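Colleague: quick one: sequence plus predicted model below, questions after.
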Amino acid sequence: MYSRNHAIVSAVVALPVAVGAPPGHKIALWLAMVGIGVGIDADHFLVARLNRGDWKNVRRCLQEPSLLLRGQTSIFDWGDLWRDQRLLSHLLTGGILVGGIWPLHRYWAFGIAVTVYTHLVADLYSDMQTRAAYLAGET
């Protein structure tokens, strides 16, 4: 799923969580949830680095930053990042974030857990749509 779609889904899901947040945390929590909902995809670059052995994908985005918004399909080459690796890295990253924040502020940890869960469900849904299009001969 593209970053813009993750931002929209995260913003919608974060709204009721942020409304229920303690006073003084509502806007900050909403912004954090939207940021994490999009930013968690940065782990793709580390996985691609582990698979490729170099930082070609990062260099590609540094040379042409518009790829991050407009050309996301051309950031990674075939074999740089597999779907199962992407989902596993999100689970690990989300677990570390939630576990690290839990002792400090449980409601924020809850919000981050909701964000990561939503991101994973959106990615799985997007993968299902891609597979269905492939099987139908649309790609």
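Modeller: Thanks, I have it. Numbering: from 1, shown residues only.
Colleague: could you check the pLDDT of the residue nearest to residue 22 when sequence neighbours are not counted?
Modeller: Nearest residue to residue 22, sequence neighbours excluded (Cβ to Cβ, 6 or more residues apart in numbering): residue 107, at 6.4 Å. C-beta: built from backbone N, CA, C; applies to glycine. The confidence metric pLDDT takes the value 96 at residue 107.
Colleague: buried ones in the helix or strand harbouring residue 107, by neighbour count?
Modeller: Using DSSP states H and E, residue 107 falls within helix 106-135. Within helix 106-135, the residues that count as buried by 16 or more other Cβ atoms under 10 Å are 108-116, 118-120, 122-123.
Colleague: just stretch 16-33 next, same as before
Modeller: Across stretch 16-33, burial judged by 16+ other Cβ under 10 Å covers 17, 18, 21, 25, 29, 30, 32, 33.
Colleague: then stretch 49-57?
Modeller: For stretch 49-57, by 16+ other Cβ under 10 Å, it's 49, 51, 56, 57.
Colleague: from those, pick the one nearest residue 86.
Modeller: residue 51 (11.0 Å; Cβ to Cβ).
Colleague: pretty sure the closest one contacts residue 78?
Modeller: No - Residue 51 sits out of contact with residue 78 when judged by Cβ atoms under 8 Å, with a separation of 11.0 Å.
Colleague: shared neighbours, the two?
Modeller: By Cβ atoms under 8 Å, 6 or more residues apart in numbering, residue 51 and residue 78 have no common neighbours.
Colleague: check contacts around residue 98.
Modeller: Contacts of residue 98 by Cβ under 8 Å, 6+ apart are 109, 112, 113, 116.
Colleague: which per-residue confidence value corresponds to it?
Modeller: 97.
Colleague: same deal with residue 134?
Modeller: For residue 134, pLDDT reads 69.
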